[in-house]
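Asker: Pasting the sequence and the predicted model now:
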Amino acid sequence: MDVGRLWAESIKKGYKREQGAYGMPKTAPRGADGGSSTGISSHADDLCPSCKRNGRVFCPHKPLLAIKSELAQVLSKQEVFGPSPPNVFVGHFGYPQVLWGPMVSLSESLPDNPRDWYGWNFEQIVRARSMQVRGKKEGAVSLASQKSPGLGRQPEVSRMLSDVQEAAMSVKPVDMEIKFTKVPTLEIEFNSIHQPMGASAPIEKLRVAENSKIPKKVDSIVDDGSVKAADALRILSSSGFDEHYLTKLLSAGILGREEHRKLTPTKWAITATDDMLAKQHMEKLRQMKQSSQFLLYSNEYLANKFDILDLPGAWEYEGFEAWLGPSGTFAVSEEYEPHSGRSDYAQKQGGGYYAARLGVCEGLLHVQKRQARSIVFREILPEYDLPVGVWEIRENVRHAFQNKPEKFTSLQEALSFLSHSRLRLPLSAYLEKSRMLSQTRLPDF
Ligand SMILES: [Zn+2]
């Protein structure tokens, strides 16, 4: 299955995430919890008038003023020279004609892998995103293919792309010099759809100092030119490369058969990589012993609560995503896949479905060391009004499996605990949509 393509189709159809009442005017913040452990700080004094009015818990606008003035000092010119966290960004608007280019960090100490961002609060995440300057170049995604018809006429662009690709393949930061056509500007949008991005501007020139470090394995697969993208991902993940690195390779159009290589919008590359890695894990899971336990793994970060219920039996997966609005409103979506897997795109939850499922597969494989029937309950609290990206979901689930699970002797006992001690929504909101719990009788709760 080509998740990227399916995702693109769902966008064309004008599909929108089921949001229910989310986004309606909000009531006042629910008091200060000051909880840095959940990534939310909620001091009324930190809120601007607009955020106070809208009942936000985190005000992105005030820290942004400070960030902007810090940035103005380092971003006053049309040139940037910095250790690029070797990253690339490919947009999806206008596909197959897209904006692509490198990301250069303005701070040397900033980790590039969101795995390392776990535990940060909203402000730290906005700050980190703001410190990455994005260079933009417009072009067709087929630019990445050696046989792209336009390439011969644009040697400059071709060189630029191979420099960006080299930076993306490097496992250590690369010194990169970029000349923009104008001074990059920071235009952070704060809404519930887009995650915050740093300043950006079109690129005029780009130069990579020769200090990249490309692993032999990657180099040989790329040079070979006959390995399909899916196979390349499989081989490299078996060699220990993680989803973050693989996503970059896929996005930069480095993988796949030479004539088929293309730039992949970053958003799609993230989902495709999460999907592929989980599929690989599922193949192993289906061969493993079946769990005989009722276990509940839980974690909460950035106003996202995760409860993962693992039941005895053969691998099967169900994911719930519940958006909790103010004054008790909510919307729940459900996605399911049977033991053999699914072939259609999980439209109702998009990339979040694939990120959560990857975390669960890893947990079963490495922590439980058993296959099981897994059900994920994700409750998104009203305080999550600044989406940060699906890495939050993946890391939330991963951390849930690092916590000690609750153990039960029966499904009834597990559901009763979930209902009384964990879930904010009534259990019935899930049971009425559940395919894995469809046999469960409601009156029992
Ligand atoms: Zn504000």
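Answerer: That came through, no problem.

Asker: Can you pull the domain assignment for this protein?
Answerer: 65-213, 217-285, 294-444 (automatic domain parsing).

Asker: so which strand or helix has Asp175?
Answerer: Assignment of secondary structure by DSSP states H and E places Asp175 within strand 174-180.

Asker: Could you point out which residue ranges in the stretch 101-250 of the chain have low pLDDT?
Answerer: Along the stretch 101-250 of the chain, the model assigns pLDDT under 70 to residues 146-153, 188-196.

Asker: Show me which residues of it sit near the ion.
Answerer: In this structure, the stretch 101-250 of the chain does not approach the ion anywhere, judged by Cβ under 5 Å from the ion. (C-beta placed from N, C-alpha, C; glycine too.)

Asker: Tell me which helix or strand comes right after the strand holding Asp175.
Answerer: In the C-terminal direction, the helix or strand that comes right after strand 174-180 (DSSP H and E) is strand 200-208.

Asker: any idea which helix is longest in the protein?
Answerer: The helix that spans the most residues within the chain, counting by DSSP state H, is helix 266-285.

Asker: Just the CA atoms from that helix would do, formatted as CSV, please.
Answerer: Output for helix 266-285, consisting of C-alpha atoms alone and laid out as CSV, is shown next (Å, rounded to 0.1, in the frame of the first residue of the first chain):
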residue,chain,number,x,y,z
THR,A,266,7.5,15.3,4.6
LYS,A,267,4.1,14.7,6.1
TRP,A,268,3.4,11.7,3.8
ALA,A,269,6.9,10.3,4.3
ILE,A,270,6.4,10.3,8.1
THR,A,271,3.2,8.3,7.7
ALA,A,272,4.6,5.9,5.1
THR,A,273,7.6,5.2,7.3
ASP,A,274,5.5,4.6,10.4
ASP,A,275,3.3,2.3,8.3
MET,A,276,6.2,0.3,6.8
LEU,A,277,8.0,-0.2,10.2
ALA,A,278,4.9,-1.4,11.9
LYS,A,279,4.2,-3.8,9.1
GLN,A,280,7.6,-5.3,9.6
HIS,A,281,7.0,-5.6,13.3
MET,A,282,3.6,-7.2,12.6
GLU,A,283,5.1,-9.9,10.5
LYS,A,284,7.3,-10.9,13.6
LEU,A,285,4.4,-10.5,16.0
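
Asker: Mind giving me the packing neighbours of it?
Answerer: Packed against helix 266-285, as judged by 3 or more Cβ pairs under 8 Å, 6 or more residues apart in numbering; DSSP states H and E, are the following elements: helix 3-12, strand 87-90, helix 229-238, helix 243-251, helix 351-362.

Asker: For the domains of the chain, could you give me a markdown table that also reports distance to Asp45?
Answerer: Putting the domains of the chain into a markdown table (distance: least, Cβ to Cβ, whole Å) gives the following:
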| stretch | distance to Asp45 |
| --- | --- |
| domain 65-213 | 14 |
| domain 217-285 | 36 |
| domain 294-444 | 17 |
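
Asker: quick one: low-confidence ranges for the stretch 301-445 of the chain?
Answerer: Per-residue confidence of the stretch 301-445 of the chain (counting by pLDDT under 70) places the weak regions at 440-445.

Asker: mind listing the helices in it by residue range?
Answerer: Remark: helices of the stretch 301-445 of the chain, listed N- to C-terminal, are 351-362, 391-400, 411-417, 428-431; assignment by DSSP state H, counting those that start in this stretch.

Asker: mind checking how far the longest helix of the chain is from the chain centre?
Answerer: Here helix 266-285 is found 12 Å from its chain centre; the criterion is Cα atoms, centre = their mean, to the nearest Å.

Asker: contacting residues around it?
Answerer: Residues from elsewhere that reach helix 266-285, judged by Cβ atoms under 8 Å, 6 or more residues apart in numbering: 1-4, 7-8, 88-92, 230, 233-234, 237-238, 243, 246-248, 250-251, 264, 315, 341, 350-351, 354-355, 357-358, 361-362, 364-365, 371, 390, 394.

Asker: Just the buried residues of the residues you listed.
Answerer: Burial of the contacts of helix 266-285 was assessed by neighbour count (16 or more other Cβ atoms under 10 Å); the buried members are 3-4, 7-8, 88-92, 230, 233-234, 237, 243, 246-248, 250-251, 264, 315, 350-351, 354-355, 357-358, 361-362, 364-365, 371, 390, 394.

Asker: before we move on, back to that, could you tell me the average pLDDT over the longest helix of the chain, please?
Answerer: For helix 266-285, mean pLDDT is 96.

Asker: what angle separates that helix from helix 243-251?
Answerer: Per axes from the mean of the first three to the mean of the last three Cα atoms, to 10 degrees, the angle that helix 266-285 makes with helix 243-251 is 120 degrees.

Asker: So which residues of the stretch 51-200 of the chain form helices?
Answerer: Assigned by DSSP H, counting those that start in this stretch, the stretch 51-200 of the chain shows helices spanning 61-74, 122-130, 155-169.
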